[in-house]
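Asker: need a structure here:
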Amino acid sequence: MKKTGTILITGATGFVGSVLVKRLLLDGVRLRAAVLAGEDAGHLPAEVERIVVEPLSESSDFSAALRRVDTVIHLAARVHIMRDMATDPLGEFRKVNLHGTERLARQAAEAGVKRLVFMSTIGVNGSFSGSRAFSERDHPCPHNPYSVSKLEAEIGLRAITEKTGMELVIVRAPLIYGPGNPGNFLSLLRVIVKGIPLPLGSVANLKSFLYVENLADALALCVTAPKAAGQTYLVSDGEDVATPELIRRLARALDRPCRLLPFPTNLIRLAGKMSGKSRAVEQLLGSLQVDSSKIRNVLGWAPVFTLEQGLEKTATWFKNSKLKAQSSKLKTAFDCLLSLLLLACFSLPMLCVALLVKLTSVGPVLYWSDRVGRHNIIFKMPKFRTMRVDTPAVATHLLSNPDQFLTPVGKFLRKSSLDELPQLLSILRGDMSFVGPRPALFNQDDLIELRTQKGIHLLNPGLTGWAQINGRDELPIPVKVEFDEYYLLHRSILLDIKIVYMTAFKVARREGVVH
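Answerer: Residues are numbered from 1 along each chain as shown. Now for the predicted structure:
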């Protein structure tokens, strides 16, 4: 295997890219992710360098992203769209997949990049393989604007690399599945879980599939293997199954009954013809097999996971995501009901606190601070004002002598946590939840960065949280983030109830409040 320097990945935040990043980090390589402005890259590991690039086009400038890069793995693309509303779909695909890819390749060659690994599609070979599996030797037969643009990109890349000497590896894949998968495979999982009968029991075809972690492993090998240079590889899990068998396996993995109805395929084709969806029906009924023997024999690659294992992992992810979605709905209901109940119970105390603040210090009753919410979006969070109006807008622990800025009733309000009561309104608005990471100030860059690296920024901030009942103000930021990450990984409605109960206990004892 050849040694490699920095690897630039386009599409690193996507379905395949996210898995590939984790796989490559196991090899100890230096990774750089090309991300678009405004793209959520917070789930990428901290070891990955992020650099903002322009959207793929014939005029994009990738020079900064390509500096000191040894290998480019090009995953980004305008993907197949089921209901494309563009007046010229092929032209739109070409802008990104052809012209943008060629632009990237030319600039990569100029920057001294040694190898470009290009993610293509089995659609370049055709929409169905018939009785013989597709191989690298087949004459291309793209069947839609997406696969046409990918074939044209392959041709363009070969011309550029032959002229410049940069190495090119092309990988074509059939349907890719795995945790987080979008598109048709996700739709099939939903149909099976709902128990909808499918008239596909009589379908006799064979299809190849590719588990996303198997693809990531193959791409990682294509980065380093000397023999991969200048080659095109078709990759699959290596086990072809008929559509009814796939549905049976998925139903078993999902712990759902398999509802397959025997139905004449000719009638299904007739229905497709009458509805104008003949091609979609043929893709469902026809065979699409991939011969992946070349990458196995030449590079010695073998799938890390079997088809059965890949389906099991995908089903487990889907079941967990369903549970999380149900838990999220329950959490929202919990937040709304509890906040309404507490507002009713504390309306009189809140009025008294408001009068105390107004009578003992100059300024407004409420202090609205810029806080960091879900996805790092800034929102206005209200608290009863406990500090003088001339207090610097920084975290309390950053003030050299915070007590000098406290109002006459400020210390009492903070110790008793009565200053937090107006945040019940933020919970009703959806800016906050009862339980979650405490919202950072807009200028707490260190805390925001650490939380983003761990994916904590994907949660709604909370009135209280796991860190709050484990130290509150006494915790250094890295430790606080560790508690936030624990909550992210173990959150449930039962844990929320426990945290709310423990918070009431801590508040009653006034624990963990320094200022």
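Asker: Just give the number of residues close to His139.
Answerer: For His139, the neighbour count with other Cβ atoms under 10 Å is 6. C-betas here are computed from N, CA, C, even on glycine.
Asker: start to end distance for stretch 223-243?
Answerer: Start-to-end span of stretch 223-243 (Cα to Cα, to the nearest Å) is 33 Å.
Asker: how far out from the middle of the chain is stretch 465-472?
Answerer: 28 Å (Cα atoms, centre = their mean, to the nearest Å).
Asker: Tell me the buried residues in it?
Answerer: Gly465, Trp466, Ala467, Gln468, Ile469, Asn470, Arg472 (16 or more other Cβ atoms under 10 Å).
Asker: With only the CA atoms kept, save stretch 123-131 in CSV.
Answerer: Output of stretch 123-131 as CSV, limited to C-alpha atoms (Å, rounded to 0.1, in the frame of the first residue of the first chain):
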residue,chain,number,x,y,z
GLY,A,123,-26.6,3.5,-13.6
VAL,A,124,-23.8,4.1,-16.0
ASN,A,125,-24.0,0.5,-17.0
GLY,A,126,-27.8,0.5,-17.3
SER,A,127,-31.1,0.3,-15.4
PHE,A,128,-31.3,-3.6,-15.4
SER,A,129,-28.8,-6.2,-16.1
GLY,A,130,-31.0,-9.0,-17.4
SER,A,131,-29.7,-12.6,-17.0
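Asker: follow-up on the earlier one: just the buried residues of stretch 465-472 now: which is nearest Pro392?
Answerer: Here the nearest of the buried residues of stretch 465-472 to Pro392, counting by Cβ to Cβ, is Arg472; it sits at 21.4 Å.
Asker: quick one: pLDDT of the closest one?
Answerer: Per-residue confidence (pLDDT) for Arg472: 65.
Asker: rewinding a little: so which of the buried residues of stretch 465-472 sits lowest on pLDDT?
Answerer: Summarising pLDDT for these: the lowest-scoring member is Arg472, with 65.
Asker: on that earlier part again, tabulate the buried residues of stretch 465-472 (JSON lines), appending distance to Ala440.
Answerer: Below are those laid out as JSON lines (distance: Cβ to Cβ, whole Å):
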{"residue": "Gly465", "distance to Ala440": "12"}
{"residue": "Trp466", "distance to Ala440": "15"}
{"residue": "Ala467", "distance to Ala440": "12"}
{"residue": "Gln468", "distance to Ala440": "14"}
{"residue": "Ile469", "distance to Ala440": "18"}
{"residue": "Asn470", "distance to Ala440": "17"}
{"residue": "Arg472", "distance to Ala440": "14"}
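Asker: how about those, which pair is most distant?
Answerer: Among those, Trp466 and Arg472 lie farthest apart (Cβ to Cβ), at 10.9 Å.
Asker: in which helix or strand would I find the residue in the chain sticking out farthest from the centre?
Answerer: Seen from the C-alpha centroid of the chain, the residue lying at the greatest distance (Cα atoms, centre = their mean) is Leu359, 50.0 Å away. When elements are assigned from DSSP states H and E, Leu359 belongs to helix 307-360.
Asker: Helix or strand next in line after that helix, which one?
Answerer: Assigned by DSSP H and E, the successor of helix 307-360 is strand 366-372.
Asker: Counting by contacts, list what that following strand packs against.
Answerer: strand 378-384 (3 or more Cβ pairs under 8 Å, 6 or more residues apart in numbering; DSSP states H and E).
Asker: go again using 10 Å as the cut-off
Answerer: helix 307-360, strand 378-384, helix 423-429, helix 445-454 (3 or more Cβ pairs under 10 Å, 6 or more residues apart in numbering; DSSP states H and E).
Asker: Okay, buried residues for it please.
Answerer: Leu366, Tyr367, Arg371, Val372.
Asker: Farthest pair within those residues?
Answerer: Leu366 and Val372 (19.1 Å).
Asker: one step back: from Phe384, how far off is the residue farthest from the centre of the chain?
Answerer: 13 Å (Cβ to Cβ, to the nearest Å).
Asker: which residues are in contact with both of those two?
Answerer: Overlap of the contact sets of Leu359 and Phe384 (by Cβ atoms under 10 Å, 6 or more residues apart in numbering) consists of Val409.
Asker: Angles on the backbone of the spatially closest residue to Gly410 that is not a sequence neighbour, please.
Answerer: Nearest residue to Gly410, sequence neighbours excluded (Cβ to Cβ, 6 or more residues apart in numbering): Thr386, at 3.4 Å. As for Thr386, its main-chain torsions (degrees, to the nearest 10) stand at phi -120, psi -10.
Asker: Just confirm Thr386 contacts Asp403, I think it does.
Answerer: No - assessed by Cβ atoms under 10 Å, Thr386 is found out of contact with Asp403, at 11.2 Å.
Asker: Between those two, tell me which one has more neighbours.
Answerer: Neighbour tally, Thr386 and Asp403, criterion other Cβ under 10 Å: the higher count belongs to Thr386, 23 against 9.
Asker: quick one on the thing from earlier: out of the buried residues of stretch 465-472, who's nearest Leu495?
Answerer: Each of the buried residues of stretch 465-472 was scored against Leu495 by Cβ to Cβ, and Trp466 proved nearest at 7.9 Å.
Asker: follow-up on the earlier one: overlap in contacts of Trp466 and Arg472?
Answerer: Residues touching both Trp466 and Arg472 (Cβ under 10 Å, 6+ apart): Lys480.
Asker: gap between Ala65 and Ala12?
Answerer: When Ala65 is compared with Ala12 (using Cβ to Cβ), they lie 11 Å apart.
Asker: Now for those two: what residues contact both?
Answerer: Counting by Cβ under 10 Å, 6+ apart, the common neighbours of Ala65 and Ala12 are Arg32, Ala33, Ala34, Val35, Arg50.
Asker: does the first one count as helix, strand or coil?
Answerer: Secondary structure assignment for Arg32 (DSSP: H, G, I helix; E, B strand; the rest coil): strand.
Asker: Enumerate every residue touching it.
Answerer: So Arg32 contacts 6-9, 12, 48-51, 65-69, 72 (Cβ under 10 Å, 6+ apart).
Asker: next one: the third one
Answerer: When contacts are counted by Cβ under 10 Å, 6+ apart, Ala34 touches 8-13, 17, 41, 50-54, 56, 62, 64-66, 69, 72, 74-76, 104.
Asker: related to what we said a few turns ago, now, of the contacts of Arg32, which are buried?
Answerer: Thr6, Ile7, Leu8, Ile9, Ala12, Val48, Arg50, Ala65, Leu66, Val69, Val72.
Asker: which residues does the last one form a beta bridge with?
Answerer: Meaning Val72. Using DSSP bridges, the bridge partners assigned to Val72 are Leu8, Leu116.
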